[in-house]
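*Asks:* Just a sequence and a predicted model for now, questions to come.
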Amino acid sequence: MALDPTPLTDAEYAALTGAVLAAIEAAADRWLQDDVADVDTARSGGLLELGFADGSTIVVNTQPPLQELWLAARSGGYHFKHVQGRWLDTRDGREFFEALSSCASAHAGLPLRVLPPG
């Protein structure tokens with residue numbers, strides 16, 4: 001699928017991806033605080049790992065040179081580009097937060113939802 005990514009400055013890319021990672025961390029914190037799911041987070045720069053109770057991991061990683069977000073889960077690896085305010089999968093156009101929510105739900109064995117920042 002050919003996407004027409006929105007041109008971003010390095011600062012815009014950093015701000016957008018920083019907000020995405022913060023939103024994911026906030027969702028995982030809520031799941032833990034509300035006793036919904038046992039999900040641990042570990043962040044190092046532009047890499048965020050979500051650790052699940054069954055020992056599985058989801059990794060979200062920023063890719064500044066490509067201006068992409070990468071998602072790695074049991075179901076596979078996915079690359080997302082910023083298109084008109086949304087992060088879309090470069091293969092099928094699926095929205096990042098939809099894909100992440102689906103992967104997190106599969107890893108946790110229960111429905112989980114991660115919402116975009118804002």
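*Replies:* That came through, no problem.

*Asks:* Pull the distance from stretch 9-29 to the chain's centre.
*Replies:* Mean-position distance between stretch 9-29 and its chain equals 9 Å (Cα atoms, centre = their mean, to the nearest Å).

*Asks:* Where does pLDDT dip in the chain?
*Replies:* 1-2 (pLDDT under 70).

*Asks:* Tell me where it has helices.
*Replies:* 10-33, 96-108 (DSSP state H).

*Asks:* which one of the ones you listed has the most crowded surroundings?
*Replies:* helix 96-108 (a mean of 20; mean count of other Cβ atoms under 10 Å). No exception for glycine: its C-beta is placed from N, CA and C like everyone else's.

*Asks:* From the chain's centroid, how far away is that one?
*Replies:* 9 Å.

*Asks:* can you state the direction angle for it and helix 10-33?
*Replies:* Put simply, helix 96-108 runs at 30 degrees to helix 10-33, going by axes from the mean of the first three to the mean of the last three Cα atoms, to 10 degrees.

*Asks:* got the CA positions of helix 96-108 in CSV?
*Replies:* Extracted C-alpha coordinates of helix 96-108, given in CSV (Å, rounded to 0.1, in the frame of the first residue of the first chain):
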residue,chain,number,x,y,z
PHE,A,96,-1.4,2.3,14.9
PHE,A,97,-3.5,2.5,18.0
GLU,A,98,-6.0,0.0,16.6
ALA,A,99,-3.1,-2.4,15.8
LEU,A,100,-1.5,-1.9,19.2
SER,A,101,-4.8,-2.4,21.0
SER,A,102,-5.4,-5.7,19.1
CYS,A,103,-1.8,-6.9,19.8
ALA,A,104,-2.1,-6.0,23.5
SER,A,105,-5.4,-7.7,23.8
ALA,A,106,-4.0,-10.9,22.3
HIS,A,107,-1.0,-10.8,24.6
ALA,A,108,-3.0,-10.1,27.7
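
*Asks:* Which other helices and strands does it contact?
*Replies:* strand 47-52, strand 57-63, strand 68-73, strand 76-83, strand 86-89 (3 or more Cβ pairs under 8 Å, 6 or more residues apart in numbering; DSSP states H and E).

*Asks:* mind putting those strands in a markdown table, mean neighbour count and distance to L100 included?
*Replies:* What follows is the helices and strands packed on helix 96-108, written out as a markdown table (neighbours: other Cβ atoms under 10 Å; distance: least, Cβ to Cβ, whole Å):
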| stretch | mean neighbour count | distance to L100 |
| --- | --- | --- |
| strand 47-52 | 19 | 9 |
| strand 57-63 | 19 | 7 |
| strand 68-73 | 19 | 6 |
| strand 76-83 | 18 | 9 |
| strand 86-89 | 20 | 9 |
